[in-house]
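Asker: sequence and predicted structure are below.
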Amino acid sequence: MEVTATWYLVLSAVLFSMGFVGLLVRRNPLIMFMCIELMLNAVNISFVAFSNALDDIAGRTAVFFVLVVAAAEVVVGLSLVVALMRRRPSLSVDDLTSLRG
Amino acid sequence: MLDIAWLIPAFPLLGFVLLVLFGRRLGEPFAGWLATIASAGAFVSTVVVFFGLAALDTAERFHLVKLFTWIDVGSFTVDAGLLVDPLSITMCLFITGVGTLIHLYSVGYMHGDPNFSKFFIYLNLFILSMLLLVLGDNLLLTFLGWEGVGACSYLLISFWFSDESNASAGKKAFVTNRIGDFGYMLATFLVFVELGSINYDDIVSRAGELGSRSATLIVVLFLLAAAGKSAQLPLFVWLPDAMAGPTPVSALIHAATMVTSGVFLLTRLNPILAEAEVWSTGLVAWVGALTALFAATIAVAQNDIKRVLAYSTVSQLGYLFLAVGVGGYVPAIFHMVTHAFFKALLFLGSGSVIHGLHQEQDMRRMGGLSKLMPITAMTFIVGWLAIAGVPPFSGFWSKDEILLYAWNYDGLGGPAGGKVLWAIGLVTALLTAFYMTRQVILTFFGRTRFFDVRAEEIAAAWEARFATLDLSIAEANEVEEHALSAVEKARNEVSKREEALAKAEEKLVAAREAVAASDASADAHVKLVKALERAEGAVPKAEEAVLKAEEKLIALVGEVEEAAVYGKELQTARVDLRNSRRATPMPPSQVTARTEAPVLDDDLSEYVPESYHRRQEYHPHESPWTMTLPLIVLALLAAAGGGLNLPFTSELHFLEHWLEPSLFGHEVHVTASASTKWILAVVAVLVGLIAIVASFRVYMAGAVDPARVEPEGAARAWYVDETYAGFFGGPGRALFDGLAGFDRGVIDGAVRAVARGTVALAQGMRALQPGFVRSYALGIGLGSVLVMVWFMGRLFV
Amino acid sequence: MVDVIVFGVSAAIILGGALGVIINSHPVRAALSLVASFFGVAVLFVQQQAHFLAVVQVVVYAGAIVVLFLFVIMLLGVDSVDNIADEPLAGQRVTALLLGGMLLALILGGLFLSGPGLDTDGALALTGQSSQTAAVNQLDESQSDIDLLADDLFTRNLLSFEATALLLTIATVGAVVLVRNRGGEDLAVDEPGSAKR
C-alpha cells in the first residue's frame, strides 16, 4: 500500500468539513478563528499534495502565501476581538447583533 | 499682429481671475483700478489688432485665430477660435473703449459700496463675455458669450439684491431673455442640420447652399433671439426694469454694448439674411420701426431720469433693427457706435446727477442743476444734441443714414413700404428730440426743485397736525370727565352736610324742649343746659359746612362748563382745520411748479417730516474726476463720432470701406439722387428742431400744460406689463397649473412609487438579516455547497 | 508501509485535534488541540518532502499564531468556559452538520467520480491541467525545497510577495489602531431587538 495524493486530499476534505462545522456551531469568536485556521490548514494539505502530484512548486508557493495571509488575518481578527471584548464583556458572537435588519 | 488677438479677451479674463482671488483683499479703490487696467489692456490690444488688420489688403481682412479644439463629436467639431475681421474689431473697439471709461467712472460711482470689488468682478466678467460674443468664430462660442453677458446682466441688475424689486427686475431680464435664447438655439441647430457646420467661415462661404425657406426660418429664429437680447417688441419689457442696477451698468450693458449684440448677430449673419425671403428681412425692419416708435411714445411721459433713457435705448435699438432690416448694415453699425458714445454719455451723466442728488431719480425733483453740476450739464447737453439729431453732432449723421436707407428700401411692400418705414423713423426722431429736450430742461434748467417740499411731505404734515389736535381733544375730554366726577362728589358732600345740619337742628329743638320741661333746680338741668349750648353751637358750624360745600360745588360746576367749552372749541377747530385743508390746494405737481416753489404754511412747517429738513442740508455737488473724465471723453466722441462716416464724398465713407470685407457685398446700394439726400437731411433736421422748440415751449415757457402732452397710457408703458401679467396670471396660470399637476401626479408619482416599492422590498428583506454572525456564515456555507453542486453538475451532466 | 503508518498516525492526530477544537468548551484546551492538529499537518508536510513548509508550519502556526491565541485568551480571562450545551439559534447545529456533510460528500464525490483515477492523471484532470509537462516550475529532487521555493517566490511571484509585505504592514498598523484604547464608553450588550432603533 502506498500513500497517494488521494489520501491527503481525502484527509484535507475531512479536516475542511470539520473546520466548517466548527465555525458554524461555536459561539466563541476565538474558537471560530481556530476553526478558520483548521480550514486553512486543510487547504494547505491539499496544496502540498497537488504540488507533489503535479511535480510543480507553485502549490507550495501558494501555501507560503496562505501562511502569510493567515498570520495577517489572525492579527487583525484577534485585535478586533480584543477591542470588542474590552468594551463588551461577553464571549459570544450571538450578542453582536447591530446589523439586524 | 493679428495673432495677438487672444490677448483681447485674455486681459479681462486675467482681471476677473485676479479679482475673484484677491478682490476682497485689494478692496476699494484698488480692485476698481485693477479692473480698469484689465479693460484698458484689452482696449490697447484691440487697437494693435486694429492697426494690424488695417494694414492688410481688403480681401484678407477675415482672419481666424484658432485657440484649441473645443468639442469634437462625430462630424460635429467646434474650435474655440477668434474671428478677427472689421466687424468684430469695430465692436471690440467700442466695447473695450467705452467699457474702460465706464470702469473708470464706476470707481467713483461705486465709492463706499460694501460690495465694491464684487461689482468689478462682474464688470470684468461682462467685458470678457461680450468680447467672446463678438470675437467667437462660430455660433456656439458666440452663444457662450451671449449667455455670459446675460448672466452678468442678471447679476448686475440685481446687484443691490437686498431690495426685492431689484432682485425681481434681474429675474425678469433673465427669464425674458430665455425666450430669445430658445430661438438662438433652434436657429443654431437648424444651421448645423443644413450646413453641417456652425463656423462663421463655413456659413459665409456656403450660405448659398441654404434653401430660401430654411434661410428664412433661421432669420426669424435669430430675430427672436435678437429681439430678446436687444429688447425689441414684444420682448422689450425687461430693459426699463433693468435700470434697477447701478447706473454704470445701465450705461455699459443696457445701453452701449450688450443690447447691441442682437444687431451684431444679424449683421454677422448677413449672408443668411441675403438668402432669406424678402418678408423676413422686412419683418426685421418692421419690428425695429414699430419698437422705435412705440418706445419713443412711452419715453415722452416717463419721470424717472433713467427710465427715459431706457425707453430711449429701446427706441434707438429699434432704429438699428430698422437699418439691418432694410439692408443698411453700415448705418446700423455706424449708429450702434455713435449710440454707444452718446447713450453711454447720457447714462453716465444721469448717474452723475443721481450721485450728486443722493439717489434722487425723479426728474420732477431736479431742475436748475446746470449751475450746480456744470461739467455734467455741459456733457449731457452734448449727448442730448447728438441723440436729437442736431448737426454736426454724431447722432445726426448716423440717424440720417438710417432714414435714407429706409427711404430707399423697396423690399416688403415695395417702395411705398420704404416710405412708410421712413415716416415712422421720422416721427420717432421727432419724439426723440422732444423727450430728450424735456429731459434736459427738467433736469438742468428752470428752478431747482430738489429742496421743494413734496406732496407726500405736506400730506404727512397735515396728518401730524391732525394727530396733535386729536390728542388735545382727547385730553380735554378727559379733563371734563374728571371735573364731572368731582362735581358729583361735591353734590354728595353738600347733601351730607345738609343732613348733618338737619340733625343738628333736630337736636337743638329736642334740647330746648328738654330744658323747658325739666326742673331748673335739678342737677340734670345743668346737664341739659350744657347740652343745649352745645347744640346751639353745632348748628352754625353745620350751616357753615353746608355753605362751604355749596361754594365748592359751584366752583366745580364752573370748571366743568369751562372744560366743555374748551372741548367744543377744539372740535370746532378740527372741523375748521379740515375745511381749510380741503380748501388749500394740494401743492402743484413739481412739473408745473416750474416757476414758483410750493409754499409751506407756517403753522404746517413744524409738522413737516424729518426727510424735508434733512434734504435742506444736502448740497448737490459735481462728481469727482473719475466720473467727469469719462463724461468729457464720451462727450468729445459723441460730438465728433459722425466723422467716422461722412456722407459727402465716397472717400469720407471710412466706416463703409472698413466694414466691406465683413459684408460680402450684401450692403444695399442707395440709389437716391444727391438732391433727394439733401432734402431728406433737411427734413430730418427741421423735424428735430421743431420738436426741440415745441419741447421748450411746453416745459420752459409753460405755454401748454405738460399733462396734455404726457398721456396716462404712455406713462404706464401702454399697459404692456399689465397685459403680460394678466395673460400669464390667467390662462397661462391654468396651463402651468395643469403641467405642475402632471409633474406632481405622474412624474413625481412614479418616482414616489419606486421609492415605496423599494421600501416595501427592503422591509421584506429585513427578515434575511437577523444580525447573527453565524447565520451569515451559514449562508456562506450554503452558497459554497450550491456552487459545488453546480460544479458537479457540470462535471457529470 | 512506514508511510502508511506515519500518515495514519498524523491523520488521527490532525482529526483528533480538530475535533478537540470543536467540542472543547474551554478555550485553552481548544487552543492546545489546535497545536496538536498543526503538528500533525507539519508531519504530513515532512512526509511530502516539503521541509521548509513544515518548519514554517511549526514556527508560525504552532508557534506564533497559537501563542497569540493563548495570549488573547489569557488577556480576556482564562477561566471563562463556553456553554456548548445550549444552542440559541434554532436549527443552527443541524443545518451546520447537514451542510458540512454535504460539503464533504461533494468534495469526495468530486474527487472519486471526477475521472481517470486517483493517481497523477486524476489529479491532473481535477486541476484542469492538460499534462504533467504543463507544470510551470518542476520539482527537482536534486535541489532543496527551500531553494525552489525561494526561486519561485522571487521570480514569478515577486509582485505578490511585495503585496503580502504591504498587507502585513497594514495589518500591523490596523491592529494597533483597533486595540488602542480611545477611552470610549463601554457598549451595552445588544438586547435582542435593540437594533430596531
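Answerer: Thanks, I have the structure now.
Asker: when you work out contacts or count neighbours from here on, use the C-alpha atoms and nothing else.
Answerer: Fine.
Asker: mind checking the SS state of whichever residue of chain A sits closest to chain B?
Answerer: Per Cα to the nearest Cα, residue A:100 is where chain A lies closest to chain B, at 3.8 Å. Under DSSP: H, G, I helix; E, B strand; the rest coil, residue A:100 falls in the coil class.
Asker: doesn't residue B:773 make contact with it?
Answerer: No: distance between residue A:100 and residue B:773: 10.0 Å, which falls outside the contact criterion (Cα atoms under 8 Å).
Asker: ok, back up a step: which pLDDT value goes with the residue nearest to the residue of chain A closest to chain B when sequence neighbours are not counted?
Answerer: Leaving out its chain neighbours, the residue that sits closest to residue A:100 by Cα to Cα, 6 or more residues apart in numbering or on different chains is residue B:771, at 3.8 Å. Residue B:771 carries a pLDDT value of 80.
Asker: check residue B:431 too.
Answerer: 93.
Asker: so for the helix or strand it falls within, what gets flagged as buried?
Answerer: Applying DSSP states H and E as the criterion places residue B:431 in helix B:414-444. For helix B:414-444, a neighbour-count test (16 or more other Cα atoms under 10 Å in any protein chain shown) marks B:417-444 as buried.
Asker: next one: phi and psi at the residue nearest to residue B:664 when sequence neighbours are not counted?
Answerer: Spatial nearest neighbour of residue B:664, excluding adjacent residues (Cα to Cα, 6+ apart): residue B:271 at 7.4 Å. Backbone torsions for residue B:271, taken as degrees, to the nearest 10, come to phi -60, psi -30.
Asker: the one 5 residues further on too?
Answerer: Dihedral pair for residue B:276: phi -70, psi 160, per degrees, to the nearest 10.
Asker: now do the same contact list for it.
Answerer: B:212, B:213, B:214, B:215, B:216, B:219 (Cα atoms under 8 Å, 6 or more residues apart in numbering or on different chains).
Asker: among those, who's most crowded?
Answerer: Neighbour count (other Cα atoms under 10 Å in any protein chain shown) singles out residue B:219 as the most crowded of the contacts of residue B:276, with 28 neighbours.
Asker: ok, so what distance separates that residue from residue B:668?
Answerer: 18 Å (Cα to Cα, to the nearest Å).
Asker: swap in residue B:260?
Answerer: As judged by Cα to Cα, residue B:260 and residue B:668 stand 21 Å apart.
Asker: looking at these two now, which is surrounded by more residues?
Answerer: Relative neighbour count places residue B:260 above the other of residue B:260 and residue B:668, with 26 against 14, counting by other Cα under 10 Å.
Asker: list the contacts for that one?
Answerer: With Cα under 8 Å, 6+ apart, residue B:260 has these contacts: B:229, B:230, B:317, B:336.
Asker: narrow those to those in helices?
Answerer: B:229, B:317, B:336 (DSSP state H).
Asker: and chain C, which of those contact it?
Answerer: Among the ones in helices among the contacts of residue B:260, none lies close to chain C by the criterion of Cα under 8 Å from any Cα of the partner chain.
Asker: for the nearest residue to residue B:13 once chain neighbours are set aside, what are its contacts?
Answerer: In this structure, residue B:13 finds its nearest non-sequential neighbour in residue B:128, 6.0 Å apart by Cα to Cα, 6+ apart. Residue B:128 makes contact with B:9, B:10, B:12, B:13, B:145, according to Cα under 8 Å, 6+ apart.
Asker: mind putting the residues you listed into JSON lines with pLDDT, neighbour count and distance to residue B:373?
Answerer: JSON lines is the format used below for the contacts of residue B:128 (pLDDT from 0 to 100; neighbours: other Cα atoms under 10 Å in any protein chain shown; distance: Cα to Cα, whole Å):
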{"residue": "B:9", "pLDDT": "91", "neighbour count": "28", "distance to residue B:373": "37"}
{"residue": "B:10", "pLDDT": "92", "neighbour count": "19", "distance to residue B:373": "38"}
{"residue": "B:12", "pLDDT": "93", "neighbour count": "30", "distance to residue B:373": "33"}
{"residue": "B:13", "pLDDT": "94", "neighbour count": "22", "distance to residue B:373": "36"}
{"residue": "B:145", "pLDDT": "92", "neighbour count": "24", "distance to residue B:373": "38"}
